[in-house]
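All I have is the shape, not the residue letters:
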């Protein structure tokens, strides 16, 4: 095993209500502090685990080291080629009715995820989204 440091990047969005409405922030957390393997899209994370006391976050997606996006309907920690038609995660059609096969990630987080998208469900005392 290599000695390189493995880091998760979290893209935290403020959601549709509360003090961080419409804002987002990217933070980095060492993988040794907390393991996210086995968690799925839609799971709730306590904010104290990643350094934000009294916050709660919901996993909304992410991408792996190759850049493939996570997709909710694909179960398990797999890469899969699926047929997509309408504008959706991982595909933007050029013509009406166009369909393509796209490679996407399953809805479960694995060790090779680099970016995890989350939204705030419950706000705590500390302000995350400070305007600079």
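Received the coordinates, thanks. Remember, predicted model here, so these are calculated numbers, not experimental data.

correct me, but residue 87 touches residue 93?
Yes - if you go by Cβ atoms under 8 Å, residue 87 and residue 93 touch, sitting 6.4 Å apart. Where you see a C-beta, it was placed from the backbone N, CA and C, and this is true even at glycine.

the more surrounded of the two?
residue 93 (14 against 8; other Cβ atoms under 10 Å).

Sticking with the more buried one, tell me its helix or strand.
Assigned by DSSP states H and E, residue 93 belongs to no helix or strand.

Check the contact between it and residue 85; I expect there is one.
Yes - with contact defined as Cβ under 8 Å, residue 93 reaches residue 85; the gap is 7.2 Å.

shared neighbours, those two?
Applying Cβ atoms under 8 Å, 6 or more residues apart in numbering, one finds that residue 93 and residue 85 are jointly contacted by residue 99.

Can you give me the first-to-last residue distance of stretch 35-42?
17 Å (Cα to Cα, to the nearest Å).

Contacts for it, please.
Counting by Cβ under 8 Å, 6+ apart, 8, 45, 58-61, 70, 72, 107-111, 113, 116 sit against stretch 35-42.

Same question for stretch 68-88.
By Cβ under 8 Å, 6+ apart, stretch 68-88 touches 41-42, 61-64, 89-91, 93, 97-110, 113.

end to end, how far does it reach?
Note: stretch 68-88 ends 13 Å apart using Cα to Cα.

Distance from the chain centre to that stretch, please.
14 Å (Cα atoms, centre = their mean, to the nearest Å).
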